[in-house]
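Peer 1: Quick one, structure for this:
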Amino acid sequence: MEHSWPVMHLSSVDSTNNFLLRLIETGQATHEMVINARFQNQGRGQESNTWESDPCQNLTFSLLLKPEYLKASSMFFLNQAISLAIIDYLEDNQIFARIKWPNDILVGCKKIAGILIENSFLGDKYQHAVVGIGLNVNQEYFPDLQHKAISMKNLLGKDLNLDVVLHRLLNAIHQRIKYLKRGDFDVLADDYKKHLHLFQCWATYRNKDESFKGKILDVKPSGELCILLENGEVREFLNKEVAFV
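Peer 2: Alright, predicted model coming up:
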């Protein structure tokens, strides 16, 4: 089954998340919908990070969801569903990617997609989620990120139609959201860990000014990363509390 979200196309915008949040604040976005921009001049990533993308080369869009079927304590499952939908779409194109916790999408050690989810709650009731997604599609060169970024064209050797990519990716998201609506959280959690970068592998991490060896054991339903240290201690980290070295 295909998605039924209406899509608004913009030639340019500061940030699709910002644009959608303004529509929500002014009462113009009352139903689930998609804002797609050919160019963002102030694209945002996690925390204070930015998302850089050449005009008309990549996907930069935001999806407004009304996930009343989720509790606030289960919001990380939405992150898992969106991350896995991107993995599903890429695999349909013979691109095999991994999820760098919490939601960067990597091919090898290079980033091909990123996600920014901004949630709103009233008590434990989900009001809305604004899901911003950037996917590198046709851009071949990343001047400031050449060793950190990669695109579908880099991997497939051909241009792709951005409207077709958007439609098929939204279909993949639609399919993964069905897991949320059915309450199939265990399936999402297992799939997420199967595709998790460095899962069950010893690696070096950094926490503030300290570097340490550890192995990812689990990701909690609330999103914390559980890492086994060399001394046998298991520590839990929130986003931005630990970095991959």
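Peer 1: give the contact list for Phe19.
Peer 2: Leu10, Val13, Ile35, Ala37, Ser62 (C-beta atoms under 8 Å, 6 or more residues apart in numbering). Glycine gets a C-beta too; all of them are placed from N, C-alpha and C.
Peer 1: Quick one: which of those residues is the most crowded by neighbours?
Peer 2: For these, the largest number of neighbours (other C-beta atoms under 10 Å) sits with Ser62, at 27 neighbours.
Peer 1: Distance of the closest residue to it other than its chain neighbours relative to Ala203?
Peer 2: Here the nearest residue to Ser62 in space, its sequence neighbours aside, is Thr16; by C-beta to C-beta, 6 or more residues apart in numbering that works out to 3.9 Å. Note on Thr16: its distance to Ala203, by C-beta to C-beta, to the nearest Å, is 33 Å.
Peer 1: between the two, who's got more neighbours?
Peer 2: When Thr16 is set against Ala203 and neighbours are counted by other C-beta under 10 Å, the residue ahead is Thr16, at 28 against 14.
Peer 1: Could you check the pLDDT of that one?
Peer 2: Thr16 is assigned a pLDDT of 95 by the prediction.
Peer 1: these two touch, right, it and Arg38?
Peer 2: No: with contacts counted by C-beta atoms under 8 Å, Thr16 stays clear of Arg38, the gap being 10.6 Å.
Peer 1: Need the residues that contact stretch 99-115.
Peer 2: Applying C-beta under 8 Å, 6+ apart, the set of residues contacting stretch 99-115 from outside is 45-46, 51, 76, 79, 82-84, 86-87, 90, 95-98, 117, 131-136, 145, 147-152, 155, 192, 195-197, 216, 219, 223, 225, 239, 244.
Peer 1: in that stretch, what counts as buried?
Peer 2: Buried residues in stretch 99-115, counting neighbours by 16 or more other C-beta atoms under 10 Å, are found at 99-107, 110-115.
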